[in-house]
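Colleague: coords please:
(one chain, ligands or ions: 2)
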Amino acid sequence: MSKIERDDISGTSTTGHEWDGIKELNTPLPRWWLWTFYGTIVWALAYSVVYPAWPLVNSATSGLFGYSSRGEVAKEIAEAAGAQGEWRDRIKAADFGQISQDPKLFEFARAGGAAAFKVNCIQCHGSGAAGGKGYPNLNDDDWLWGGTFEEIHTTLQNGVRFAGDNETRFSQMPAFGDGMLSPDEISSTAEYVLSLSGQPHDAEAAAKGAPLYAANCVSCHGERGEGVRDVGGARLNDAIWLYGGGKESIVAQITRPRQGVMPAWGGRLDDVTIKELAIYVYSLGGGETLQRQ
Ligand code: HEC
Ligand code: HEC
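Modeller: Ligands and ions are numbered 1, 2, ... in the order given. Sure thing, here's the model as predicted:
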């Protein structure tokens, strides 16, 4: 039996529900709300026609305008590359001398190099390029393989002792502990190396080490320990050490040397990026003047 009736006060009908004399009114939704609701349905339908929306088996409907967020990103990247393209072309065409004469171009190249350094180099050389044990500091003016733009460029292009590059920079300090020098001789030679770098040392042992150094080490480290860059022979007469300057570290290196490996970037990064990286490393403060070239 229907109990639906009209409410005298509001003029709307009731739902028929009644609890202890309290009746529920069936008040219609407000007009504005209803139209907004219909509006959202129309909007949703239109949106799903214009923009990609409905999932299909392998993709989705592409929408009337063919919009895609991936496409937008690709467009932005293309625009950015276009804007940089002109500068990168100029870097490609110019030699280092020309780039360094043009402050704007130099700054663009340096900034590009700094960005590429963050992606490719900091895991070994540190974010500030200060290096660490076995990884050279690139801020100072102590270079294993040379600090002119060209020398840095070659190091980056071909790497150091990198198996995957035929023209990689290469040299191999012999393991003197394998029968070439006795532990005693190694100890004396190490004392002599300590004397070269002005550290406290045993003068008597160093005197014994001097001829051993002259016979075994000069070819790669120089007569006064100044280093020989053609073979990446580290400088031994300063306070900068790749593997540590204490007696123990020096003895360890003479006995069984470590051979640092730096990847070649030639096959992995494009020419302009390598040029930019070389300019960035050069600009870190330890870059050597053009006159040495
Ligand atoms: C996997 C570790 C590693 C990565 C990555 C790496 N390097 Fe090196 N780099 C080394 C090592 C090790 C040496 C020292 C090689 C040696 O002992 O002669 C070196 C040497 C160098 C040198 C020569 C320094 C000198 O004194 O002559 C330069 C310049 C250099 N790296 C720049 C870079 C740049 C620029 C990048 C990024 C594109 C980079 N490195 C990425 C490990 C790395
Ligand atoms: C064939 C060349 C060669 C000869 C010979 C050689 N070295 Fe080296 N030495 C190197 C190279 C190259 C390095 C750098 C290794 C690296 O980059 O990983 C080095 C590194 C060192 C280091 C570490 C420097 C640092 O900064 O930590 C010491 C110490 C050293 N040599 C001492 C000697 C002594 C002493 C002798 C002679 C008994 C000798 N070397 C003979 C090539 C040579």
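Colleague: does residue 264 really touch residue 166, like I thought?
Modeller: No: taking C-beta atoms under 8 Å as the contact criterion, residue 264 and residue 166 are not neighbours in contact, 9.6 Å apart. Where C-beta positions appear, they are placed from N, C-alpha and C, glycine not excepted.
Colleague: Common neighbours of the two, please.
Modeller: Listed as contacting both residue 264 and residue 166 by C-beta atoms under 8 Å, 6 or more residues apart in numbering is no residue at all.
Colleague: Poorly predicted segments of this structure, please.
Modeller: Along the chain, the parts satisfying pLDDT under 70 run over 1-2, 286-293.
Colleague: Show me which residues of it sit near ligand 2.
Modeller: Near ligand 2, the residues belonging to the chain are 144, 171-174, 176, 189, 193, 213, 216-217, 219-221, 231-234, 236, 241-243, 250, 253-254, 258-260 when assessed by C-beta under 6 Å from any ligand atom.
Colleague: Now intersect those residues with the strands, please.
Modeller: Among the residues of the chain next to ligand 2, no residue falls in strands (DSSP state E).
Colleague: which of residue 264 and residue 166 has more neighbours?
Modeller: residue 264 (21 against 8; other C-beta atoms under 10 Å).
Colleague: List, one by one, the residues from this structure near ligand 1.
Modeller: 117, 120-121, 123-125, 134-136, 138, 143-145, 152, 155-156, 160, 232, 260-263, 265, 277, 281.
Colleague: So among these, which ones count as buried?
Modeller: Buried members of these, scored by 16 or more other C-beta atoms under 10 Å, are 117, 120-121, 125, 135-136, 138, 143-145, 152, 155-156, 160, 232, 260, 262-263, 265, 277, 281.
Colleague: close enough to count as contact, residue 158 and residue 170?
Modeller: No: using C-beta under 8 Å, residue 158 is not in contact with residue 170, being 9.3 Å away.
Colleague: More neighbours: those two, which one.
Modeller: Taking other C-beta under 10 Å, residue 158 and residue 170 do not tie; residue 158 has more neighbours (19 against 14).
Colleague: got the domain boundaries for this protein?
Modeller: If the domains of the chain are taken from automatic domain parsing, they occupy 1-66, 78-168+262-292, 183-255, with pieces of a single domain joined by a plus sign.
Colleague: Three-state assignment for residue 15, please.
Modeller: strand (DSSP: H, G, I helix; E, B strand; the rest coil).
Colleague: which residue ranges form the strands in the protein?
Modeller: With strands called from DSSP E, the chain shows them at 14-19, 22-25.
Colleague: Sheet-wise, list the partners of the shortest one with their directions.
Modeller: Partner strands for strand 22-25, per DSSP bridges, with pairing direction: strand 14-19 (antiparallel).
Colleague: buried stuff in the partner strand?
Modeller: Neighbour-count burial for strand 14-19 flags residue 14 (criterion: 16+ other C-beta under 10 Å).
Colleague: gap between it and the chain center?
Modeller: For strand 14-19, the distance from its own C-alpha centre to the chain's C-alpha centre is 73 Å (C-alpha atoms, centre = their mean, to the nearest Å).
Colleague: Since that was my last question, I'll sign off now.
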